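Enquirer: sequence unknown, structure follows:
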């Protein structure tokens, strides 16, 4: 109940926005291929529901697969990077540079490498996109440790492994969750956009471009909504897991209030 | 002096590589500390008192001289977990509850879980933090956090308690109360304490001996015996002898 009251302004704004949209389309007589009214999009959504769910799930699997591969590899490389100073000094500049490169531009190349119809090609694009933020954040979390904590652990003759397990990893968790949140959003974007460059017919991105090519823009819009809902859900799931995993962290306890 | 728990002979410490930028942090430090003593290191900023503490704790290796703790090298003493350290900041792990924080050194030593818990509860009781076992550090005041960090340092019954300005960040009232509690803990545990401080009052109230150091290079200027009667309490702060010693230490610090 309290939650609803708290979010009431946002809900009202959302509904008002939809109404305004509908009204403007009718009043200004905007062509359907430019901007369909929400009611038209909703109609397209319900009448194509089965197909939309099918292709939505197909693309979600690509996003999840890529997320798992990219984040997993990012964490592993980060552990190695944080362990060996030399690796840190050689790899980090490249990682930071690579992180600001539009990796999605490589989509046609990876489509070519792994086969345009093979979902693996989309997973690999997603994996490459999420790899860098994941790795960079994890390295930061593992290395930006209060030096006094390290002194304390050394005064107890703690091994490097014990310091990793009891200090570096817990210290890295908040950084990693930040990366997971970024990666969750990026993975859905990566999957859909890489499908724009071609792919299996039962994929969201392919559906969006094909329907648009045939001037059935309301169907493209309906598919975009599916992509949005999946992306949001993914993000929210990470948010919940974060809250449960690191309740002690300042970002959580401030958000939760007193 | 009979047996000693810490023996420092001709300790020198030079920081920086090239001869131009070298800093002599410590020079010709000779000191013997008997078991059960409470030694304060006092001196101006940059006199190397924290460095000396870290040399004893094997967190820094001196560039010259010998250190022995319990007849062993400092390295061996550290491996044997002879040290308990308390820093100016409480350095509690924010992801652990207070109880789990105090359990840390026991965990590292491989003590069985139920014994860890039992011992940690005992210690929290000693520092008057019973009831806060399941709180996280941020839920406690600065003074309470520092008490938890003292409890953690005492968990493994260290032969040597090394304290680096542990009450430096606390307000005067809390600091005096913590002084009293530390004195009680020292009496109960009979552990040897090396205590770095900026406060003359604190040093006189707590110590059996005060080592006054001078800066650049860090050297021992004078060692003051604090012959205030034991056990001490709040009334000790009002004794004439207390003021005499306080003034004597202040005089020495002026020369530092």
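Expert: That came through fine. Worth saying up front: this structure is predicted, and the values here are computed from it rather than measured. Residues are numbered from 1 along each chain as shown, chains lettered A, B, ... in the order given.

Enquirer: pLDDT score for the residue of the stretch 1-150 of chain A found nearest chain B?
Expert: At 4.9 Å from chain B, residue A:148 is the closest residue in the stretch 1-150 of chain A, using Cβ to the nearest Cβ. C-beta: built from backbone N, CA, C; applies to glycine. As predicted, residue A:148 sits at a pLDDT of 93.

Enquirer: likewise residue B:23?
Expert: 84.

Enquirer: residue B:20 too?
Expert: pLDDT recorded at residue B:20 is 67.

Enquirer: for residue B:169, same thing?
Expert: So residue B:169 comes in at 82 (pLDDT).

Enquirer: ok, it touching residue B:88?
Expert: Yes: counting by Cβ atoms under 8 Å, residue B:88 is a contact partner of residue B:169 at 5.8 Å.

Enquirer: how about the strand or helix carrying residue A:67: buried residues?
Expert: For residue A:67, the host element (DSSP states H and E) is helix A:49-83. Buried residues in helix A:49-83, counted by 16 or more other Cβ atoms under 10 Å in any protein chain shown: A:52, A:55-56, A:58-60, A:62-67, A:69-71, A:73-75, A:77-79, A:81-82.

Enquirer: stretch A:241-248 too?
Expert: A:242, A:246, A:248.

Enquirer: over to stretch A:156-170?
Expert: Taking 16+ other Cβ under 10 Å as the criterion, stretch A:156-170 shows A:156, A:157, A:158, A:163, A:164, A:166, A:167, A:168, A:169, A:170 as buried.

Enquirer: picking that back up, tell me the helices and strands packed up against the helix holding residue A:67.
Expert: helix A:85-99, helix A:119-143, helix A:169-196, helix A:204-213, helix A:217-245 (3 or more Cβ pairs under 8 Å, 6 or more residues apart in numbering or on different chains; DSSP states H and E).

Enquirer: that one vs helix A:169-196, what angle?
Expert: Relative orientation of helix A:49-83 versus helix A:169-196 (axes from the mean of the first three to the mean of the last three Cα atoms, to 10 degrees): 140 degrees.

Enquirer: give me the mean pLDDT for helix A:49-83.
Expert: Mean pLDDT, helix A:49-83: 93.

Enquirer: chain center to the helix or strand the residue of the stretch 1-150 of chain A closest to chain B falls within, what's the gap?
Expert: According to DSSP H and E, residue A:148 maps onto helix A:147-155. Averaging C-alpha positions (Cα atoms, centre = their mean, to the nearest Å) puts helix A:147-155 36 Å from its chain's average.

Enquirer: check which helices and strands it sits against.
Expert: By 3+ Cβ pairs under 8 Å, 6+ apart, helix A:147-155 packs against helix A:160-163, strand B:83-86.

Enquirer: TSV for those, including mean pLDDT and distance to residue A:209?
Expert: Below are the helices and strands packed on helix A:147-155 laid out as TSV (pLDDT from 0 to 100; distance: least, Cβ to Cβ, whole Å):
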stretch	mean pLDDT	distance to residue A:209
helix A:160-163	92	50
strand B:83-86	92	63
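
Enquirer: redo these as TSV? Include distance to residue B:111.
Expert: Converted to TSV, the helices and strands packed on helix A:147-155 look like this (distance: least, Cβ to Cβ, whole Å):
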stretch	distance to residue B:111
helix A:160-163	14
strand B:83-86	15
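
Enquirer: so which of these comes closest to residue B:44?
Expert: Closest to residue B:44 of these, according to Cβ to Cβ: strand B:83-86, at 22.0 Å.

Enquirer: wondering if the next helix-or-strand element following that closest one reaches chain A at all.
Expert: Downstream of strand B:83-86, the first helix or strand assigned by DSSP H and E is helix B:98-109. Yes: counting by Cβ under 8 Å from any Cβ of the partner chain, contacts between helix B:98-109 and chain A involve B:104, B:105, B:107, B:108, B:109.

Enquirer: ok, and the most crowded of those residues?
Expert: Neighbour counts for those peak at residue B:105, which has 29 neighbours (criterion: other Cβ atoms under 10 Å in any protein chain shown).

Enquirer: what about it, distance to residue B:193?
Expert: Per Cβ to Cβ, to the nearest Å, residue B:105 is found 17 Å from residue B:193.

Enquirer: and residue A:34, how many residues sit next to it?
Expert: Neighbourhood size, residue A:34 [other Cβ under 10 Å]: 8.

Enquirer: got it, and residue B:241?
Expert: A count of nearby residues for residue B:241, using other Cβ under 10 Å, gives 13.

Enquirer: for stretch B:66-76, which positions count as buried?
Expert: Within stretch B:66-76, the residues that count as buried by 16+ other Cβ under 10 Å are B:67, B:68, B:69, B:70, B:74.

Enquirer: test my guess that the fourth one contacts residue B:83.
Expert: No: in terms of Cβ under 8 Å, residue B:70 does not count as a neighbour of residue B:83; the distance is 10.6 Å.

Enquirer: any common contacting residues for the two?
Expert: B:77, B:159 (Cβ atoms under 8 Å, 6 or more residues apart in numbering or on different chains).

Enquirer: using the three-state scheme, assign residue A:31.
Expert: Recorded secondary structure, residue A:31: coil (DSSP: H, G, I helix; E, B strand; the rest coil).
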